[in-house]
Every structure is written in C-alpha cells, then in structure tokens.
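S.K.: Predicted model, plus sequence, below.
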Number of protein chains: 2
Amino acid sequence: MTERRIYLEDIPLTEAQRRLAAALQAAGRWEPLGVETVPLDQARGRVTAGPVWAALSAPHYHAAAMDGYAVAAAATAGASERTPVRLAVSGDGPARYVDTGDPLPAWADAVAPVEVAQTSGPSAQPEAIELQAALAPWAHVRAIGEDMVATELVLPANTRLRPVDLGALAGSGHATVSVWRRPRVAVIPTGTELVQVGRPLKPGDIIEYNSLVLAAQVEQWGGVATRWPIVPDDLAQIVAAVRAAATEHDLVLLNAGSSAGSEDYSARAVEQVGTLLVHGVAVRPGHPVIIGMTAGQAGVPIIGVPGYPVSAALTAEIFVEPLLARWQGQPAAAPPTLPATLTRKVLSPLGDDEYLRVTVGRVGERVVATPLSRGAGVITSLVRADGLVIIPRHHEGYDAGATVNVRLYRPLETIERTLVVIGSHDLTLDLLAQRLAEYSGEGGPVRLASANVGSQGGLIALRRGEAHLAGSHLLDPETGQYNLPAIRRYLPETPVVVVALVGREQGLMVPAGNPQGLRTLADLGRPEVRFVNRQRGAGTRVLLDFELGKIGLPASDIPGYAREEYTHLGVAAAIASGTASAGLGIAAAAQALGLDFVPLFKEQYQLVIPQVYADSPLLRPLRAALLDRTFQAEVAALPGYEVSGMGTIVAEVP
Amino acid sequence: MTERRIYLEDIPLTEAQRRLAAALQAAGRWEPLGVETVPLDQARGRVTAGPVWAALSAPHYHAAAMDGYAVAAAATAGASERTPVRLAVSGDGPARYVDTGDPLPAWADAVAPVEVAQTSGPSAQPEAIELQAALAPWAHVRAIGEDMVATELVLPANTRLRPVDLGALAGSGHATVSVWRRPRVAVIPTGTELVQVGRPLKPGDIIEYNSLVLAAQVEQWGGVATRWPIVPDDLAQIVAAVRAAATEHDLVLLNAGSSAGSEDYSARAVEQVGTLLVHGVAVRPGHPVIIGMTAGQAGVPIIGVPGYPVSAALTAEIFVEPLLARWQGQPAAAPPTLPATLTRKVLSPLGDDEYLRVTVGRVGERVVATPLSRGAGVITSLVRADGLVIIPRHHEGYDAGATVNVRLYRPLETIERTLVVIGSHDLTLDLLAQRLAEYSGEGGPVRLASANVGSQGGLIALRRGEAHLAGSHLLDPETGQYNLPAIRRYLPETPVVVVALVGREQGLMVPAGNPQGLRTLADLGRPEVRFVNRQRGAGTRVLLDFELGKIGLPASDIPGYAREEYTHLGVAAAIASGTASAGLGIAAAAQALGLDFVPLFKEQYQLVIPQVYADSPLLRPLRAALLDRTFQAEVAALPGYEVSGMGTIVAEVP
C-alpha cells in the first residue's frame, strides 16, 4: 500500500514534451519512419514521402478541345461572312473531323468547332466545311503540357493526398506513389479489474474501452493500431507484453497502472524494459502520465496512459497525435479556435495545465462557453464537449464573463446550429434532441445542447444571455402558478414566450415493491427513510418544500434531505443502487430504472423562450416538433406524461 | 456526326437538383438506405441510425475515486486535528483499503484518500487509520450513474462516431451499434480512347483517372465505390454495364459520353434503361451533366459525369456529395468560407453558375484570391486551388479588387502558412516549394503558391499587395542592370529587399541534335525556323527584345514570334512536341525535356521582397533554405545554374 508507492513527479507539460522529443531524436525516431510505394487507388489520405515530378506531359499530345474540324489556322486566314473559306474534309486535310480529345493531325494547329463549321455534302459524311471567321493558331486545341509539363513539380513532399491529387498523379504518368509508412501503435490494456466489452459484469468490474478509444484515435490520426488482449496486474506479464509489442511497433501505449498505487505497475515495467523519462505530468485531467523508451540504440517510445477515460483520451491528444503527425511529415493538428464568453467561474490549480471541456453555442451576438463536468471519469464530458479551454499552469482560472479561447472539437457550422437549453431536466428534452438531430428540413439537423441546472438556474441563464431557452416547472408558493411569477422576478427586462411542453406527475420514487410502504409525503419523516433530494433551485425541490410547508413537516425531520442529485435520473439511480430509499421525481425516471412510483402531484413543465429567439430559424425545427402528432405520441408513451397542450403558447410576458 | 447530336439542355443547377430530389423521393430513395449493426471497433466514422440509450449506468457500482480507505462518512463526524477519529482497518470496516475503481462495501459511503489517512500498525498491513477531518457523504466516490444513467440518451441518431463516442457506447453497456448502411456507388468509365493508369500510351489515348478520383471522392464521403472496367464507346455495352451496376448499387456514375458529340452515348444509354431527367446543366465547368433513373418502382439514380477531369470532380462535389451525405443522415458539406480580395477581373457568362478555382493567401492585412486556369481539362487548377468562388448565374463576373467569398478547400491554418509568389517562373521555385513543404522548424511547413505571370507581372502584383515576393530577371535595356530600374519604376513607394537567387544561362532551346543548326540569335531570322516566344512582360522576352535590338533583327522577321507560352517548360514542351523549332529559355528546361541547348547570355534571377515581409516569420524558412548548403547544391546540380550568391542581399531599395 503506501510503502509500495513510487514517487509521482509533477513536471510541466512542456518539459515532458521536451524529454520525449530528446529521447526520440537520440533514438533516430524523430522523423518519418520509412517509405512505402502504394498504387494510386490505395493512396487516398496517405502522405507523399517525397516530391512528385511529372513523368509525362498532360495532355501528352495536342488534343482537340471540342468536337469539330482540325485545320491549319493559316488556311483560314481572311475568312469572313462575305468571304467564307471553304475547306475539303478528308483524312489528310485541309479539314478532318475530330471528337473532343482526338489528337490533331500533324498538318493542323487549330479546331473549328462544329457550331461554326457549315457542312456541305451528305450530312453523315460532309464533303467540305465553310468557315466565316479565321481561327488563331492553337484555337480550341489543348496543347501538350497545357495541364502539366513533364519534369514539373506535381506535388511536394508531405502532401496528404486528396482525390484530385490522385488524378494529377495519374495524369502525369504515375501509377503508384511513395508515401510515408503508417506508424504502428500497440495499445496494451492492463488491469485485473478490466472486462472486455460485451461481457457480463459484477461490481468492481470495469469495462475495458480505453483501448477501443485509443486505437480509434490512432487510426484517425493515420496510424495502424493493434489492440492487445487485457493483461492482468502482474509485473512480469506486463513487461512481457511491452517487450513483445516493442519489437513490431513504433509506439507502445500502456494503459493504466500509470499512477502510484499498489497495483500500478507501469512505471516499474518501463524501468525493466528501458528508461523511465517521465512519471507524472502537471496536466489535468491526466496527471499520472508515463513516458519511457525501451533499451537499445533505437529504443521504442512507451507512453503510459492514465486509466480514467477522459485522461486517457486527452493524453493521446496531447502526446500521441503530434507524434503520429510528425512521423507522417505533418504538423500537429491545430484545431480552429473561437473566442467565447465563459458562463461560470472556473478555479484551476496553479502549476497545472488544465484542459477544461466546454459546450459552445451562439446565443444572440455572443458565443458562450459553458464548462462541463471536470471529472476525469466522465467520458460524456468529452462526448458532449464542443471544445477545450486550456487554462495555463500559471493561471488560477477565469471569472464568469471572461473571454476565453475555445479549441473547437466540432465544425463551426455545428456550433452555429446548436440550440442551447439550460434549466430543468426532463426526459422529453432527450427525445427532442433526438428529433432535432434527425431534422432534414431547411438548414439541416439542429443539435440540442442541454445543461441541467434546475428551473431557477435556467431562468438566470436566460437573463445572462447564455441560453436560447430554458425548461422550467417553478411553482410559485404564493399563487400556486407555474413559472410566470418567477419569470417576472428573474427576467424583468426580457420579453419571453412561455410554451407548454408537458404536464407530468411528480411523486415518490421507491425501490420496487415499495418495501418501506411509503404512501404520502408525510411518510418521508419516518426514521428508516433515506431520502435523496434535488439541488436547490430545482423545480422539484421547490415543489417539495412547498408541499412540506403545507403539511408542516420540517426538512430537518427528513433523513437524507441534504443529499442532492441534479437530475430525476440521478435520484432514481441513487434509489436503484440501494443508497437511498426514496426521492421525489417523475414517473418516467422511476420506470426507466425499474422503481415503483407513488404519484402525489401534477405539475406543468414549460419552455421559456426569450422573444428574440422565439421566431428565429434555429428554433423553427423545435416548434415544428412540438406540434407534430408523432412526436407528441412518443412523449405521451412515457409514464405519467400528459401532452394535450404541447407546443401551444401559454403566455407572452412582455 | 452533327445529325447524331442529341439536344443538350442548359437548365439551371437548382432545377437539376430539384428534378433529382423529386425522382429520388418518388423512388423511395430520399432517406438513408438501410441500417446495419457493427461492432464498436469497426464503427469509427459511421453514423448512428437511431438514438442510443444507456443500457447500463456508468459507473455501474459505487466506485472508489481514489486509492484510500472506504469508510462510513458518519463515522468520521467531528474529526479534527485535535480530535482525530481512529478507525480500525478490516474487511468489514469501519475502514477498508480500496484502490481507485474498487467497489465500495455496502457499509461505506466515502473514501479517505491515502494522503489524509495516517496509518498505524505494520506498514504493509495497517491496523487502523486516523483522520483529522470529517468526510462528507460520497466524498471521493464515483456514484452509480455519475457519468451515464441507464436509459439516458447517450448519442442521438445521425451522430458521426468519433473515438470518444465509441467509449461512451461501450461504457453504457453496448458492444455494437446500429449505423446507416454505407451507400454503394458504381463508377463506370466509358470511352474507346481510355487507357488504364500505368499502360503505355499513343497520341489520342487518354489516361483513365476520372474513375480513380470519383471512387476516392465517394469513399471520402462515406460511400463504398466499385470501379468498373473501361467500357468502350458502344451503346449496347454501356447499357449492359449500367443495368448490371444498378442491380447492386445505390447510385451509378457514368463517366463521360455525357455531351452531345458523335460518341456520346450516355444520354441514350440512360433512356434505354429508364428515364432521362436532365441532359445539360448551366454550370461551368460541368455543362454536360446527365441525371436519370433506371426504370421500375425503386429506380436507381444515374449521374452522367462529364469527361473533363475538373468538370468530373466538381460534378461529384455538386451532385454526389449531398446525396451521399443525405443517405447517411448528414447535412451536405458546408465548407468554411472566407472573404477575399479578387486580384484579377473575371468575366463570367450570364446564365451559368461558374465554379472559379482560386489560390488564397494572406498578404499583409488582406486575404487575396487569385484565379487559376478556368480550363475544364486542367486538373492542376483543382490540385492547386485553395478554394472556389461561385459566380452565380445572374452575375457577369467581378472586377479586380472586388470582395468575394471563397469556399475553402484547405484549412485556414494552411492558408495562413502560404507564401504567395507571383512573377517569373524558375525551376528553383519548385525546389524551394518542396523544401518549404518539408520544413519542420517553428510553425511547421510553409506552402509556396506560385503564379507565373512574368517578371513585370510580379512587380505589379507586389505593388498591388497581392504577393509576399516576386521572382524577377528584368534586364534594363538602358543600363544593362537587372531589376533595380524596373523596381524603381513599378514600386516607387514600396521599400524592397532584393535577394540573389541564381545566375543562369539563357540560350536557344532546339530539338535534340539541333537539326536546323541554330548557333546565334541572328539564326532566328531564318525562314525555316518556327519560333515560340514568352509572353509580354516576361524577363526572357525583355532579354530577347534587348538582344534583338543590339543585332538589329526586327521581331517581324522571326517566324512564330507572336506565339506565346507562359513558362520555360511551356516553351520547351512546344519544341519537344515538334510544333516549334526554337525558343529562348534556360538550360534546365531544355534538359528536362531532352532538348539541345545553345547558351547565349548570362542573367541574374532575383527575389524581390517588400521590406515589410522580409523579416516576417513566414519568410524565415525561405531565407534559411537559400543559405543552406544542401539546398544550394541541389540547385547547382541543375544545368546552367550558378548559386554562388544565393540568399545574399543584392540591394535594399527604400
């Protein structure tokens, strides 16, 4: 345990990169790894290993550029409407029929297009043509070398071959092309707790998908990946796997075991097969990154990749991508960046380069970036990320409202077609996201990026101009009205449209069979209950407090009232896993996780849309979906949902 | 011949697209074509055919988020430095050692990280831990569903799967994913004149590479392409090929024969197998585009692609890409656009949508777009293009200096790393382009985009701010000096640096063996000579006129003086092909095409660089290359080249 820990360094990222570069230079692996010759039909996406010079001119003969008659330009001199020139048609001239692409006879240096050549004689075999205008030499002729002249540079080295490049290579006389060899990368997953994708699981088992992601990244970056079978936490086996991989690969990725815990063998394995250059880099997520080289003159680099999936994927982006690019004669990827306004304050530890995942959307004139979960285990934070904000190590973070540079993961067009929804969570939003992703009308699919911060958080986001709309079900304790009082309070200066989404039942989610026999809200006061709550500002929390007030049950009497989850499904998951015995939420979430549901209240879940966006093209697909019967039926099929008013305007608040 | 012509329409592009869409809708082929299930390790780049919901929560159990001791948070209440809490370590609690990722025992709801747990007893097997601070419930625990909750939406339909998406699918309990079937596209090259890539050629033979380009485009756009063997110009054989292809493919591309000439069978073939919807679209290049459907309820679309390579590639971009995107649930590609200043006036015929190829570079504050060859047969115009300017059909073109929108073919970063060289052509520029493409220093490779407009054209381009530098060898007839007088004349207000590139021999290029026995410039006046000249403003032309003046030979006495080529290689190619018997040019061009060379003069070829760019980072790799001995040796190996001063500053003209 503690005594078995290896010291974990915390060296700056740039120093880690420098050590890797120096080691690769020393091993003669800092340049592309070799050349291979491939036929053109297999060369798309490959990178030229040297300049390609034209072996042939294109065209390689003087070619008719149009259908018409090959003539000597000199023979047409003086032709006019009044004094047309008549030329007999024959194989030897002075005029001969040619199709586009036919070679010009030696005696010809121009083509009279059929459109200007009046024929006489039988139409199938004209005897002569008449021209009413002179032709310049080389008129309607594609002269030798018009496109490429033999010996000319067709493509420089380090060109990633596109389809048209293949055409130019073929047209200049090449049937094959020399390209850089694709780097071969071994991906070795280690860990006794790992289980292959698709196998049954028990608690403690971890689905081994890092090698899937790493291999796909390698292939995406032009490498060839080999996924090793899972190696258990056994130093000898890990060493054997690394040794075997290093003989046939240019790079070994050793996944997990890179930290300093009792079962972290990666650093020791690297020491056994060669030199440990780096153990721990001050980058987050990612800290326990290992860099080493196998022994010998031409050592093979080994990168120990941390086990948390976000750390693993980002470690590959930071260390593997630039290396594979380099080995293919390319500069490291330079994703487009976009300045954006950060919606929340972010504190970042001094000394670490932090890679913050954000969603990005254009809301009105501003591009806003909203931080996602910073957990290294939350792969959905990478899936949902539109980009990264890199917070440098000398920086303590940013205030809300700061302008940051986002390295985009998605094309700008996708960002422009992103509907930013911040507020309360409802399962209908998932169905809606799905619907909009399938939208095939004008402008194409719309991406719905939703952040679940509760109803109140959503209204505040609208006030700050951070979202196009908010989902809300905020009950006003005084009037019993939904949303409108809160809208007046939080959005006094923003005219909004309130659109009905669904009516839904709120009630107690309890384990299947309802073992504690909970029937009413008052039952939450029973001492054996372990409640799980929603966060402050959530509509469900407001509803709970309102109803508790009505029956006079103090929050402090409810065991677990302080434990908070951010979504209905989060609450349901807590109950399903046995760590809580009750929560307030919606029927659909209960059903999704096989829980029982005790209906207690009905509530209105609505969409709050600032007037300025209500009729914008980006919202059109959403408005259409809400009024679509098929979509309504899909939502109505969820338990506890009522869709009769869906899509109708409940109120316009000026 | 003429009587066999089929009427070629000229319908607007939008109408052609409408007819294709209507026919596909009628045939039930307007939506994705089908679904298939693939294992995750083969799913990268594929597109989800439906939403994917989490089958499992992730984590699927409460997991230790750090190495440490699982405890019940309640048992740590009140712990402080003064009153530490001591907990015995055992399998059943109150504290148990856990590695990161281990499941929490049922009695625990928090983890005390090893860093904060003081152990006592033997260090390999501590008997107890002491904590000096209380832990909150769920501290250092990854609760069930922290990443994904079962039933939650993981990915919407129509998501193109990235490596991290595969991780999320695996982590939420999936081993496979349903994706849209890849569209199958047959590419049928037709034409008796076509010859397979790599085969020997005779005049009139055309290397068949359109199918190579089209197939690569199809694969790039997510389809599966089948390249058909070449079909000769025979209606029955073409019809048979189309019928066979349509049975197993979703789209048939019939290449060439789409015009209205005597050997253009495509339209007739389409009529025999089904319906001809469009024959001729008002788009250039591309005019003779055919669209049709095979007969039957679920007809298969056929696109007749024009034969000129630029037309073929652009027709695919216009008609095939959006269709393949649609069939994969994606919007058509929307390449990034960039406003740029057009450097030359462009006239475009009314009624046609023109796709103008341009090179693009940032010169100072401006982004400039320079039109490339508009020839439909010049594939290098596509290879060299940085983007397209689309001139709409109701538009007659643009003046020089107009702001146009460029649809970019290359990433913006490449554009920003492009050195724009306009001026005289020299082979050294090709070697330099090559050198800069291999540059691996700071900032990475630099792309050299050169336009050959002659020395004088280059100086004018510098004056207009359209280039970073110009190659020039302009002899001043009065002073015998190179470049400086011309620089003072054309660039009176632009401070420039003049850098020596090469000294080179100019002389007569003549066919091998010098059959006309040309020895001096005066020999050009002999009547049997067929001269080929360089264009006005070319340094070689100025030199010629200067030297002709010295010997008193009038230009009008030289047969062929009026025939112009734009490069040394162009002149050499004219002689090599036998259409000219002499030209003035450089030894290297003569040698490249196997010509003889009669040296006559020595001249200085220099680079003229505006002072503002001379020290800019973009030019640093170029300056470095010129001073590099290896590079100098490479240039010196060219015949007639002298590199002694290469890279030195000849003059600074303020």
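M.R.: Here it is on my side, so go on. Numbers count the residues shown, from 1 in each chain, chains lettered A, B, ... in the order given.
S.K.: what does the stretch 251-400 of chain A put close to chain B?
M.R.: Residues of the stretch 251-400 of chain A lying close to chain B (C-beta under 8 Å from any C-beta of the partner chain) are A:259, A:261-263, A:307, A:309, A:313, A:326, A:329-332, A:334, A:336, A:375, A:377-380, A:382-383. (Each C-beta comes from the backbone N, C-alpha and C, glycine too.)
S.K.: Now, those residues that are in strands?
M.R.: Per DSSP state E, strands hold no members of those.
S.K.: Helices of the stretch 51-200 of chain A, start to end?
M.R.: A:163-171 (DSSP state H, counting those that start in this stretch).
S.K.: Strands along that one, start to end?
M.R.: Under the criterion DSSP state E, counting those that start in this stretch, strands of the stretch 51-200 of chain A are mapped to A:52-53, A:63-64, A:68-71, A:85-88, A:96-98, A:110-113, A:118-120, A:128-131, A:141-142, A:153-155, A:176-180, A:184-189, A:194-196.
S.K.: now do the stretch 551-654 of chain A
M.R.: A:564-565, A:582-586, A:596-610, A:641-642, A:649-653.
S.K.: Run a quick neighbour tally on the residue in the stretch 351-500 of chain A positioned nearest to chain B.
M.R.: With C-beta to the nearest C-beta, the shortest gap between the stretch 351-500 of chain A and chain B falls at residue A:444, namely 3.2 Å. The burial count assigned to residue A:444 is 18, neighbours taken as other C-beta atoms under 10 Å in any protein chain shown.
S.K.: shouldn't it be in contact with residue B:331?
M.R.: Yes: counting by C-beta atoms under 8 Å, residue B:331 is a contact partner of residue A:444 at 3.2 Å.
S.K.: wait, what's in contact with residue A:398?
M.R.: Applying C-beta atoms under 8 Å, 6 or more residues apart in numbering or on different chains, we find residue A:398 in contact with A:342, A:345, A:346, A:389, A:391, A:404.
S.K.: As JSON lines, these with distance to residue A:285 and secondary structure would be great.
M.R.: Converted to JSON lines, those look like this (distance: C-beta to C-beta, whole Å; DSSP: H, G, I helix; E, B strand; the rest coil):
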{"residue": "A:342", "distance to residue A:285": "19", "secondary structure": "strand"}
{"residue": "A:345", "distance to residue A:285": "19", "secondary structure": "coil"}
{"residue": "A:346", "distance to residue A:285": "14", "secondary structure": "strand"}
{"residue": "A:389", "distance to residue A:285": "14", "secondary structure": "strand"}
{"residue": "A:391", "distance to residue A:285": "12", "secondary structure": "strand"}
{"residue": "A:404", "distance to residue A:285": "18", "secondary structure": "strand"}
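S.K.: Can I get the buried ones among the residues you listed as something I can paste into PyMOL?
M.R.: With 16 or more other C-beta atoms under 10 Å in any protein chain shown as the criterion, this PyMOL line picks the buried residues out of the contacts of residue A:398:
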select buried, chain A and resi 342+346+389+391+404
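S.K.: And the helix or strand encompassing residue A:471, what does it pack against?
M.R.: Element membership of residue A:471, judged by DSSP states H and E, is strand A:470-472. Applying 3 or more C-beta pairs under 8 Å, 6 or more residues apart in numbering or on different chains; DSSP states H and E, one finds that strand A:470-472 contacts strand A:418-423, helix A:454-463, strand A:596-610.
S.K.: Tabulate these in JSON lines, adding columns for mean neighbour count.
M.R.: Converted to JSON lines, the helices and strands packed on strand A:470-472 look like this (neighbours: other C-beta atoms under 10 Å in any protein chain shown):
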{"stretch": "strand A:418-423", "mean neighbour count": "26"}
{"stretch": "helix A:454-463", "mean neighbour count": "25"}
{"stretch": "strand A:596-610", "mean neighbour count": "21"}
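S.K.: quick one: which of these is nearest residue A:103?
M.R.: Smallest distance to residue A:103 across those (C-beta to C-beta): 56.1 Å, for strand A:418-423.
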